[in-house]
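Colleague: Using only what follows, build the 3D model:
(4 chains)
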Number of protein chains: 2
Amino acid sequence: MNVSNVELDKVATILKLLGDKTRLTMVKLLDTNDCCVCEFVEIFKTSQPAISQHVRKLKDVGIVREARKGQWVFYSLNKQSDYYPIIQTLLHHLPSQEYKLKELEVQGLRISCE
Amino acid sequence: MNVSNVELDKVATILKLLGDKTRLTMVKLLDTNDCCVCEFVEIFKTSQPAISQHVRKLKDVGIVREARKGQWVFYSLNKQSDYYPIIQTLLHHLPSQEYKLKELEVQGLRISCE
DNA sequence: TAAATATATAATAATTCACTTATATATTCA
DNA sequence: TGAATATATAAGTGAATTATTATATATTTA
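Modeller: Here you go, the predicted model:
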(Lines give C-alpha, C1' and ligand atoms only; values in the text may rest on other atoms or scores of the structure.)
Protein backbone atom coordinates (compact mmCIF):
# COMPACT_ATOMS: atom_id res chain seq x y z
CA MET A 1 0.00 0.00 0.00
CA ASN A 2 2.46 2.62 -1.12
CA VAL A 3 1.04 6.11 -1.16
CA SER A 4 3.66 7.46 -3.49
CA ASN A 5 5.84 5.54 -5.86
CA VAL A 6 9.16 7.19 -5.23
CA GLU A 7 11.94 4.66 -5.07
CA LEU A 8 13.23 3.55 -1.70
CA ASP A 9 16.82 4.26 -2.71
CA LYS A 10 16.03 7.83 -3.53
CA VAL A 11 14.11 8.32 -0.30
CA ALA A 12 17.14 7.00 1.57
CA THR A 13 19.25 9.64 -0.14
CA ILE A 14 16.82 12.38 0.90
CA LEU A 15 16.70 11.12 4.48
CA LYS A 16 20.46 11.05 4.67
CA LEU A 17 20.51 14.68 3.61
CA LEU A 18 17.86 15.59 6.19
CA GLY A 19 19.69 13.57 8.82
CA ASP A 20 21.81 16.57 9.63
CA LYS A 21 20.74 19.04 12.29
CA THR A 22 21.68 22.08 10.24
CA ARG A 23 20.01 20.98 7.02
CA LEU A 24 16.91 19.71 8.78
CA THR A 25 16.49 23.07 10.52
CA MET A 26 17.05 24.86 7.21
CA VAL A 27 14.34 22.86 5.52
CA LYS A 28 11.95 23.42 8.43
CA LEU A 29 12.53 27.16 8.16
CA LEU A 30 12.27 27.16 4.37
CA ASP A 31 8.87 25.50 4.57
CA THR A 32 7.43 28.78 5.81
CA ASN A 33 10.04 31.39 4.89
CA ASP A 34 12.50 32.11 2.14
CA CYS A 35 15.97 32.69 3.49
CA CYS A 36 19.27 33.89 2.14
CA VAL A 37 22.70 32.52 2.88
CA CYS A 38 23.75 35.33 5.17
CA GLU A 39 20.73 34.72 7.39
CA PHE A 40 21.66 31.09 7.73
CA VAL A 41 25.21 32.10 8.60
CA GLU A 42 23.83 34.15 11.49
CA ILE A 43 21.33 31.53 12.59
CA PHE A 44 23.72 28.60 12.61
CA LYS A 45 26.78 30.49 13.82
CA THR A 46 28.93 28.77 11.25
CA SER A 47 31.03 29.82 8.28
CA GLN A 48 29.57 31.07 5.02
CA PRO A 49 31.18 28.30 2.95
CA ALA A 50 29.70 25.67 5.26
CA ILE A 51 26.24 27.12 4.68
CA SER A 52 26.80 27.35 0.93
CA GLN A 53 27.74 23.68 0.85
CA HIS A 54 24.67 22.66 2.81
CA VAL A 55 22.25 24.53 0.57
CA ARG A 56 23.98 23.22 -2.51
CA LYS A 57 23.36 19.66 -1.38
CA LEU A 58 19.69 20.43 -0.88
CA LYS A 59 19.59 22.13 -4.28
CA ASP A 60 21.37 19.25 -6.03
CA VAL A 61 18.57 16.83 -5.14
CA GLY A 62 15.95 19.40 -6.08
CA ILE A 63 14.34 19.96 -2.70
CA VAL A 64 15.25 23.62 -2.56
CA ARG A 65 15.44 26.31 -5.22
CA GLU A 66 17.55 29.39 -5.44
CA ALA A 67 16.66 32.83 -6.71
CA ARG A 68 19.01 35.72 -6.88
CA LYS A 69 17.57 38.97 -5.57
CA GLY A 70 20.18 41.62 -6.12
CA GLN A 71 23.25 40.83 -4.10
CA TRP A 72 21.48 38.09 -2.18
CA VAL A 73 20.60 34.55 -3.14
CA PHE A 74 17.35 33.40 -1.59
CA TYR A 75 16.50 29.79 -1.07
CA SER A 76 13.01 28.34 -0.90
CA LEU A 77 11.46 24.88 -0.59
CA ASN A 78 10.62 23.45 -3.97
CA LYS A 79 7.02 22.41 -3.48
CA GLN A 80 7.04 20.81 -6.93
CA SER A 81 9.66 18.27 -5.92
CA ASP A 82 8.67 14.61 -6.00
CA TYR A 83 9.91 14.48 -2.43
CA TYR A 84 7.92 17.41 -1.12
CA PRO A 85 5.03 15.24 0.12
CA ILE A 86 7.38 13.13 2.22
CA ILE A 87 9.26 16.14 3.48
CA GLN A 88 6.09 17.94 4.40
CA THR A 89 4.76 15.09 6.53
CA LEU A 90 8.16 14.89 8.18
CA LEU A 91 8.22 18.58 8.98
CA HIS A 92 4.85 18.30 10.68
CA HIS A 93 6.56 16.29 13.38
CA LEU A 94 9.14 18.96 14.10
CA PRO A 95 8.84 21.87 16.49
CA SER A 96 8.72 25.27 14.80
CA GLN A 97 12.07 26.98 14.36
CA GLU A 98 10.54 30.38 13.66
CA TYR A 99 12.02 31.77 16.85
CA LYS A 100 15.39 31.71 15.13
CA LEU A 101 14.11 34.16 12.54
CA LYS A 102 12.48 36.27 15.26
CA GLU A 103 15.88 36.57 16.90
CA LEU A 104 17.39 37.77 13.64
CA GLU A 105 14.65 40.35 13.30
CA VAL A 106 15.30 41.68 16.78
CA GLN A 107 18.96 42.08 15.88
CA GLY A 108 18.00 43.82 12.63
CA LEU A 109 19.63 41.06 10.62
CA ARG A 110 16.58 39.81 8.76
CA ILE A 111 16.89 40.38 5.01
CA SER A 112 13.67 41.32 3.29
CA CYS A 113 12.83 39.76 -0.05
CA GLU A 114 11.40 43.00 -1.42
CA MET B 1 2.21 23.99 14.96
CA ASN B 2 4.24 20.98 15.98
CA VAL B 3 2.29 17.74 16.02
CA SER B 4 4.76 15.96 18.27
CA ASN B 5 7.26 17.49 20.61
CA VAL B 6 10.27 15.38 19.81
CA GLU B 7 13.39 17.44 19.53
CA LEU B 8 14.72 18.36 16.13
CA ASP B 9 18.20 17.11 16.99
CA LYS B 10 16.91 13.69 17.84
CA VAL B 11 14.81 13.51 14.71
CA ALA B 12 17.92 14.36 12.70
CA THR B 13 19.67 11.42 14.34
CA ILE B 14 16.81 9.10 13.40
CA LEU B 15 16.73 10.37 9.84
CA LYS B 16 20.45 9.85 9.47
CA LEU B 17 19.97 6.25 10.55
CA LEU B 18 17.12 5.80 8.09
CA GLY B 19 19.15 7.50 5.38
CA ASP B 20 20.74 4.20 4.53
CA LYS B 21 19.18 1.92 1.94
CA THR B 22 19.71 -1.24 3.95
CA ARG B 23 18.35 0.12 7.22
CA LEU B 24 15.43 1.85 5.56
CA THR B 25 14.43 -1.39 3.85
CA MET B 26 14.80 -3.25 7.14
CA VAL B 27 12.49 -0.84 8.92
CA LYS B 28 9.96 -1.01 6.10
CA LEU B 29 9.94 -4.80 6.36
CA LEU B 30 9.80 -4.75 10.15
CA ASP B 31 6.72 -2.56 10.07
CA THR B 32 4.73 -5.57 8.88
CA ASN B 33 6.91 -8.58 9.72
CA ASP B 34 9.31 -9.67 12.41
CA CYS B 35 12.60 -10.80 10.93
CA CYS B 36 15.69 -12.49 12.18
CA VAL B 37 19.27 -11.69 11.32
CA CYS B 38 19.78 -14.65 9.00
CA GLU B 39 16.82 -13.57 6.89
CA PHE B 40 18.32 -10.13 6.51
CA VAL B 41 21.63 -11.70 5.54
CA GLU B 42 19.83 -13.49 2.69
CA ILE B 43 17.76 -10.50 1.66
CA PHE B 44 20.60 -8.00 1.57
CA LYS B 45 23.27 -10.37 0.28
CA THR B 46 25.74 -9.04 2.76
CA SER B 47 27.76 -10.40 5.65
CA GLN B 48 26.24 -11.40 8.97
CA PRO B 49 28.35 -8.91 10.96
CA ALA B 50 27.25 -6.08 8.67
CA ILE B 51 23.62 -6.94 9.38
CA SER B 52 24.24 -7.26 13.11
CA GLN B 53 25.77 -3.81 13.12
CA HIS B 54 22.83 -2.29 11.26
CA VAL B 55 20.22 -3.75 13.61
CA ARG B 56 22.23 -2.74 16.63
CA LYS B 57 22.16 0.88 15.52
CA LEU B 58 18.40 0.70 15.14
CA LYS B 59 18.12 -0.95 18.54
CA ASP B 60 20.40 1.60 20.21
CA VAL B 61 18.00 4.43 19.40
CA GLY B 62 15.03 2.32 20.43
CA ILE B 63 13.24 2.04 17.12
CA VAL B 64 13.54 -1.74 16.97
CA ARG B 65 13.38 -4.41 19.63
CA GLU B 66 14.97 -7.79 19.79
CA ALA B 67 13.57 -11.04 21.13
CA ARG B 68 15.42 -14.29 21.22
CA LYS B 69 13.44 -17.26 19.96
CA GLY B 70 15.59 -20.30 20.45
CA GLN B 71 18.68 -20.01 18.36
CA TRP B 72 17.33 -17.01 16.45
CA VAL B 73 17.06 -13.38 17.43
CA PHE B 74 13.99 -11.72 15.98
CA TYR B 75 13.72 -8.02 15.46
CA SER B 76 10.51 -6.03 15.41
CA LEU B 77 9.53 -2.38 15.12
CA ASN B 78 9.04 -0.82 18.52
CA LYS B 79 5.63 0.79 18.15
CA GLN B 80 6.03 2.36 21.59
CA SER B 81 8.99 4.43 20.48
CA ASP B 82 8.60 8.21 20.57
CA TYR B 83 9.72 8.13 16.96
CA TYR B 84 7.25 5.56 15.73
CA PRO B 85 4.70 8.18 14.58
CA ILE B 86 7.30 9.88 12.39
CA ILE B 87 8.63 6.60 11.09
CA GLN B 88 5.17 5.33 10.28
CA THR B 89 4.26 8.35 8.17
CA LEU B 90 7.59 8.01 6.43
CA LEU B 91 7.03 4.37 5.65
CA HIS B 92 3.69 5.18 4.05
CA HIS B 93 5.60 6.87 1.29
CA LEU B 94 7.71 3.83 0.49
CA PRO B 95 6.86 1.00 -1.88
CA SER B 96 6.26 -2.33 -0.16
CA GLN B 97 9.31 -4.55 0.17
CA GLU B 98 7.28 -7.67 0.94
CA TYR B 99 8.40 -9.26 -2.28
CA LYS B 100 11.80 -9.74 -0.68
CA LEU B 101 10.22 -11.96 1.97
CA LYS B 102 8.20 -13.76 -0.69
CA GLU B 103 11.44 -14.62 -2.44
CA LEU B 104 12.84 -16.05 0.76
CA GLU B 105 9.75 -18.15 1.21
CA VAL B 106 10.05 -19.56 -2.29
CA GLN B 107 13.62 -20.55 -1.49
CA GLY B 108 12.48 -22.11 1.79
CA LEU B 109 14.60 -19.64 3.73
CA ARG B 110 11.86 -17.94 5.68
CA ILE B 111 12.19 -18.55 9.40
CA SER B 112 8.90 -18.94 11.22
CA CYS B 113 8.38 -17.27 14.57
CA GLU B 114 6.55 -20.28 16.01
C1' DT C 1 35.79 52.19 -11.79
C1' DA C 2 37.20 50.78 -7.07
C1' DA C 3 35.66 49.22 -2.63
C1' DA C 4 32.32 46.70 -0.09
C1' DT C 5 29.13 42.98 0.31
C1' DA C 6 27.24 38.36 -0.72
C1' DT C 7 27.97 33.96 -2.40
C1' DA C 8 30.41 29.95 -4.58
C1' DT C 9 34.17 26.92 -5.28
C1' DA C 10 38.54 24.46 -4.34
C1' DA C 11 41.71 22.19 -1.50
C1' DT C 12 42.38 19.97 2.66
C1' DA C 13 42.11 17.99 7.39
C1' DA C 14 39.42 15.62 10.95
C1' DT C 15 35.75 12.73 11.75
C1' DT C 16 32.33 9.35 10.83
C1' DC C 17 30.59 5.37 8.45
C1' DA C 18 29.96 0.83 6.54
C1' DC C 19 32.12 -2.75 5.31
C1' DT C 20 35.59 -6.78 6.04
C1' DT C 21 37.98 -10.55 8.72
C1' DA C 22 38.63 -12.84 12.93
C1' DT C 23 36.83 -14.36 17.02
C1' DA C 24 33.60 -14.84 21.00
C1' DT C 25 29.10 -16.15 22.80
C1' DA C 26 24.67 -18.54 22.88
C1' DT C 27 21.64 -22.21 21.59
C1' DT C 28 20.31 -26.64 19.67
C1' DC C 29 20.79 -31.29 18.65
C1' DA C 30 23.01 -35.76 17.83
C1' DT D 1 29.31 -33.21 25.86
C1' DG D 2 30.81 -31.86 21.25
C1' DA D 3 29.54 -30.28 16.66
C1' DA D 4 26.62 -27.27 14.13
C1' DT D 5 24.04 -23.09 13.74
C1' DA D 6 22.92 -18.23 14.81
C1' DT D 7 24.37 -13.97 16.43
C1' DA D 8 27.47 -10.38 18.51
C1' DT D 9 31.68 -7.98 19.12
C1' DA D 10 36.35 -6.21 18.07
C1' DA D 11 39.76 -4.39 15.15
C1' DG D 12 41.05 -2.50 10.95
C1' DT D 13 40.40 -0.16 6.39
C1' DG D 14 38.74 2.70 2.68
C1' DA D 15 35.21 5.91 1.41
C1' DA D 16 32.17 9.52 2.53
C1' DT D 17 31.11 13.65 5.24
C1' DT D 18 31.62 18.20 7.27
C1' DA D 19 34.11 21.62 8.62
C1' DT D 20 38.01 25.12 7.68
C1' DT D 21 40.96 28.39 5.00
C1' DA D 22 41.90 30.57 0.78
C1' DT D 23 40.29 32.39 -3.25
C1' DA D 24 37.12 33.39 -7.18
C1' DT D 25 32.85 35.43 -8.89
C1' DA D 26 28.87 38.49 -8.87
C1' DT D 27 26.45 42.59 -7.47
C1' DT D 28 25.91 47.11 -5.49
C1' DT D 29 27.32 51.58 -4.33
C1' DA D 30 30.26 55.56 -3.59
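Colleague: For A:Val24, what is the enclosing helix or strand?
Modeller: Actually, residue A:24 is Leu. It isn't Val. In this assignment (DSSP states H and E), A:Leu24 forms part of helix A:21-30.
Colleague: Just the buried residues of that helix, please?
Modeller: Along helix A:21-30, the positions that meet the burial threshold by neighbour count (16 or more other CB atoms under 10 Å in any protein chain shown) are A:Lys21, A:Arg23, A:Leu24, A:Thr25, A:Met26, A:Val27, A:Lys28, A:Leu29, A:Leu30. From N, CA and C alone the C-beta is placed, and that goes for glycine too.
Colleague: What is the nearest of the residues you listed to A:Ile63?
Modeller: A:Val27 (7.0 Å; CB to CB).
Colleague: Kindly check the end-to-end length of stretch A:16-26 for me.
Modeller: 14 Å (CA to CA, to the nearest Å).
Colleague: A:Ser47: what's it in contact with?
Modeller: With contact set as CB atoms under 8 Å, 6 or more residues apart in numbering or on different chains, A:Ser47 has these partners: A:Val41.
Colleague: related to what we said a few turns ago, chain center to the helix holding A:Leu24, what's the gap?
Modeller: If you compare the mean C-alpha spot of helix A:21-30 with that of the full chain, they lie 5 Å apart, counting by CA atoms, centre = their mean, to the nearest Å.
Colleague: what subset of the buried residues of helix A:21-30 is also close to chain B?
Modeller: Under the cut-off given by CB under 8 Å from any CB of the partner chain, chain B has A:Lys21, A:Leu24, A:Thr25, A:Lys28 from the buried residues of helix A:21-30 close to it.
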